[in-house]
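Asker: This is a predicted model, with the sequence first.
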Protein chains: 4
Amino acid sequence: MVATNERRAREKARRRQEILQAAKEVFFEQGFHQATVDDVSAHAQVSKGTIYLYFESKESILAHLLLEGLALLYTQLTAACSASQVTAEECLWRLARAYLDFSQNNPQYFRLMMAFDRGRFREQISPDLYEQILAQSMASLDLVTQAVRQGIQDGDFDCDDPQLAAGALWAALNGVLVLMANPLRRQMLAVELEPMFEVTMKLVIRGLRRSADR
Amino acid sequence: MVATNERRAREKARRRQEILQAAKEVFFEQGFHQATVDDVSAHAQVSKGTIYLYFESKESILAHLLLEGLALLYTQLTAACSASQVTAEECLWRLARAYLDFSQNNPQYFRLMMAFDRGRFREQISPDLYEQILAQSMASLDLVTQAVRQGIQDGDFDCDDPQLAAGALWAALNGVLVLMANPLRRQMLAVELEPMFEVTMKLVIRGLRRSADR
Amino acid sequence: MVATNERRAREKARRRQEILQAAKEVFFEQGFHQATVDDVSAHAQVSKGTIYLYFESKESILAHLLLEGLALLYTQLTAACSASQVTAEECLWRLARAYLDFSQNNPQYFRLMMAFDRGRFREQISPDLYEQILAQSMASLDLVTQAVRQGIQDGDFDCDDPQLAAGALWAALNGVLVLMANPLRRQMLAVELEPMFEVTMKLVIRGLRRSADR
Amino acid sequence: MVATNERRAREKARRRQEILQAAKEVFFEQGFHQATVDDVSAHAQVSKGTIYLYFESKESILAHLLLEGLALLYTQLTAACSASQVTAEECLWRLARAYLDFSQNNPQYFRLMMAFDRGRFREQISPDLYEQILAQSMASLDLVTQAVRQGIQDGDFDCDDPQLAAGALWAALNGVLVLMANPLRRQMLAVELEPMFEVTMKLVIRGLRRSADR
DNA sequence: GATGAATGAGCGTTCATTCAT
DNA sequence: CATGAATGAACGCTCATTCAT
């Protein structure tokens, strides 16, 4: 019965998505450590055992959420700079803006990504899964690297190592987004995210330009 | 008996320091989650109950360690740019370098700081303590702001909002240090911390300069 | 269709045997508690649900394995003393030796038998199955009883109650085999199974002889 | 405060005994595997955590119960054969009878001992504890060995290896006690424990005698 | 008959915190 | 002040069994 098999596979994929969605909500609501697998199963309206039919462990669920978030980010970044006839500088601005938007529209995914490097996380998921995540996150960075490379080719940027420059830009942006993610800190700094973002980008992009254009 | 009271207070402070020191060693050795209060009390050679005479909770101990780390960082930053007769730009370089050194020499403290904004940390300590930490971390940022302000005053920098610029510089640096803290990521980027640091600082500082000097 | 029914029955019996065989391999490999029904079903290449079409429970499978073991033992005992023209004493020796061999060649079956009386086993299988097992194990004992009876008839043994004497011999042998099944105990006793077996049998058989022959 | 320390130690020992006693009752009522640590803690009227203050694991509790049982048996065996002016044969009878009595008066301890060699028990307690148990059980066997040796010295027994003979006697007795521990089996055999015991002992002891005395 | 997805009760162990002494 | 015995809630994961298809 081909039809049956197909439907089964569809059902299974759907169920998996439901669990992932439930886990997302629960983890984001309570935090990963606070949340229990019971919470997730209750929220997904399946039994606890079912969870383990679809995921190896609690950590594995988190990893798959992360992959989802990274894929979403990658899609939005790709969309942002796909416009033809755009200068490299404009492309960098669009990528950065897309990242900013992503962090604001999907703060939970963003927090997840920022938390990724920390903790015993690495030791608790399969090495394979871990590398997938790293690879996926590097894919996004590559978009930035491409733009920088384009700028050099076009003679707009003065830069020895595009990879390095892209990393610096990315890191700077990350730093801003993380710093400003804390409301109390924003308050003490007496600065909002938007101006901070603008300033940082301006600083870095100006630094990239050929001396004559700065 | 004033003398007695004083001695008592001294004793108490000393005991508190011993516990904090023990906790530092235990937490840094095993990680905060892995380590137990029993471990700390054993290491401090006091009973478990005593721990709770000096600290409200396990998280509170961590928070106080964080305060210690921030104080240490502040000290080192102050030392770095205290030299008179130094240009603002040089001062920024020194501050950045001092921060870099701190992150490398005290990776555990650094991780603690980076982890601070995340997690349920905020909800697990007293608001008062939380604000202390924020204030302390802002003090370091102020050193950067002062340097930028000096640069503007000296006519070296072209910048509307020193606070904003300092925040941008700080955030960028943070981003780099966090990004490069992950070995596997360093490997995938095929870049070492030092060049990344240099490039980022150059980019940002160039961006700060008056157009003519860029 | 008689033929069809027959084939169906044959098929069913074969499938049942396959499951039993798979269970045997899995249980013997991993131990009963360690092994899961999933392991068995995977090994038997049937679905987990199918297992329960053929057996009531995990414990029931074990019970049927036990029956198999007992049947095997009975076969080997029968073979051992079937030779005509053999004295009762020689027959007892052969039975004992066959039991010893069985315990060494099928240690897993033997352990299963020894474990039978203990544990909650009795309460976890149907009373019917339980009695089957007891009856089957008694069948083997009957072979011993027959030999003793023969010895009395032949005037070789001096014994009031053949059943009792057979039980005693059997029990003694069991005791030896169980005692010596533990390697560390063998080591502490500084005795090997073979001499212990010989001594025990000699003691008991001598005790059976008419005074004049002892 | 010496008095305080002493009282504390006493209290601690008493609490430990209470837990052990509760565990004994619970394990014997429900069987070791069925019983949960919750059951034990409820029965002992302490919290579950307290259990783990006194014992490393569930298995460790069992091991200590076993040690207790073995010590009790040893005491009773020692008492049984301590009478002066008793022949070796009489001594063996007394030891055997004491063992029989023990198995009847402390059936739970006895079952525990019989179950000891089986299962994953060995791997779940500390090697040290495991050896203690073996040593303690060997101590009892030594009493039998001494009696046999005495019999040889007195010229009553004809036996090359006292250790071996003692082992054989002990094993035979064990075999009988285990065999007869099952009511249904007793029923099928149509024999009671007492006659079986007598017969077995007579057989074995007769086998030990010098030919002339048999 | 056969499947395999779903169930959900069950468990040993840990550990931050409290409190009587 | 200091102790350390006692607490008890919490948790990730398993697995024998069921049942709709």
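Answerer: Received, thanks.
Asker: what about A:Ser82, neighbour count?
Answerer: A:Ser82 is flanked by 11 other residues according to other CB atoms under 10 Å in any protein chain shown. All C-beta spots, glycine's among them, are computed from the backbone N, C-alpha and C.
Asker: quick one: average confidence on the top helix by length along chain A?
Answerer: Once chain A is assigned using DSSP state H, the helix that runs over the most residues is helix A:2-30. Here helix A:2-30 scores 86 as its mean pLDDT.
Asker: The helix or strand following it near DNA strand E at all?
Answerer: For helix A:2-30, the succeeding helix or strand toward the C-terminus, using DSSP states H and E, is helix A:37-44. No - contact of helix A:37-44 with DNA strand E (CB under 7 Å from any atom of the strand) is absent, the minimum separation being 7.7 Å.
Asker: Does helix A:37-44 pack against any helices or strands, and if so which?
Answerer: helix A:2-30, helix A:48-54 (3 or more CB pairs under 8 Å, 6 or more residues apart in numbering or on different chains; DSSP states H and E).
Asker: Name the residue of chain A with the shortest distance to DNA strand E.
Answerer: Proximity of chain A to DNA strand E (CB to the nearest atom of the strand) peaks at A:Gly49, 1.6 Å away.
Asker: can you list contacts of the worst-scoring helix or strand of chain A on mean pLDDT?
Answerer: Of all helical and strand segments in chain A, the minimum by mean pLDDT, DSSP states H and E falls on helix A:121-124, at a mean of 79. For helix A:121-124, contacts defined as CB atoms under 8 Å, 6 or more residues apart in numbering or on different chains pick out A:57, A:59, A:62-63, A:115, A:130.
Asker: Type out the PyMOL command that picks the buried ones from those residues.
Answerer: With 16 or more other CB atoms under 10 Å in any protein chain shown as the criterion, this PyMOL line picks the buried residues out of those:
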select buried, chain A and resi 59+62+63+115+130
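Asker: out of the contacts of helix A:121-124, who's nearest B:Asn105?
Answerer: When these are compared for distance to B:Asn105, the smallest value, 24.4 Å, is given by A:Ala115; criterion: CB to CB.
Asker: so which strand or helix has the closest one?
Answerer: Assignment of secondary structure by DSSP H and E places A:Ala115 within helix A:107-116.
Asker: What helices and strands are in contact with that helix?
Answerer: Contact analysis of helix A:107-116 by 3+ CB pairs under 8 Å, 6+ apart lists helix A:2-30, helix A:58-80, helix A:88-105, helix A:127-153, helix A:162-179 as its packing neighbours.
Asker: Just the buried residues of it, please?
Answerer: Neighbour-count burial for helix A:107-116 flags A:109-116 (criterion: 16+ other CB under 10 Å).
Asker: got it, and stretch A:33-48?
Answerer: With the criterion 16+ other CB under 10 Å, stretch A:33-48 contains buried residues A:35, A:37, A:39-41, A:43-44, A:46.
Asker: contacting residues around that stretch?
Answerer: Defining contact as CB under 8 Å, 6+ apart, one finds that stretch A:33-48 is touched by A:15, A:18-19, A:21-23, A:25-27, A:29-30, A:50-51, A:58, A:61, B:119-120.
Asker: what residues does chain A put near DNA strand F?
Answerer: Taking CB under 7 Å from any atom of the strand as the criterion, the neighbours of DNA strand F within chain A are A:4, A:34-38, A:48-49, A:52, A:57-59.
Asker: Greatest separation within those: which pair is it?
Answerer: Comparing all pairs in the residues of chain A next to DNA strand F by CB to CB, the longest separation belongs to A:Thr4 and A:Gln34, at 40.8 Å.
Asker: ok now do the spatially most central residue of chain A, which residues does it touch?
Answerer: Using CA atoms, centre = their mean, the residue of chain A that lies closest to the mean C-alpha position is A:Leu70, 4.2 Å off. With CB under 8 Å, 6+ apart as the criterion, the residues that contact A:Leu70 are A:113, A:133, A:136-137, A:139-140.
Asker: now do A:Leu169
Answerer: For A:Leu169, the contact set (CB under 8 Å, 6+ apart) comprises A:92, A:96, A:144, A:148, A:204-205, A:208, B:203.
Asker: which residues does A:Thr87 contact?
Answerer: With contact set as CB under 8 Å, 6+ apart, A:Thr87 has these partners: A:151, A:154, A:156.
Asker: Thought B:Val176 was touching A:Ala171, still the case?
Answerer: Yes - with the criterion set as CB atoms under 8 Å, A:Ala171 and B:Val176 qualify as a contacting pair; they are 4.3 Å apart.
Asker: Could you list the low-confidence segments of chain A?
Answerer: Screening chain A residue by residue with the criterion pLDDT under 70, one finds the ranges A:1-4, A:117-120, A:211-214.
Asker: Could you list the domains of it?
Answerer: Domain assignment of chain A by automatic domain parsing yields the ranges A:1-55, A:57-213.
Asker: circling back to that earlier point, most neighbours among the contacts of A:Thr87, please name it.
Answerer: Across the contacts of A:Thr87, neighbour numbers were computed from other CB under 10 Å; A:Gly151 holds the maximum, 25 neighbours.
Asker: count of neighbours near the closest residue to chain C within chain A?
Answerer: Closest approach of chain A to chain C (CB to the nearest CB) occurs at A:Leu53, with a separation of 11.8 Å. For A:Leu53, the tally of surrounding residues (other CB under 10 Å) stands at 12.
Asker: So it versus chain D, what's the distance?
Answerer: Noted for A:Leu53: a distance of 26 Å to chain D, by CB to the nearest CB, to the nearest Å.
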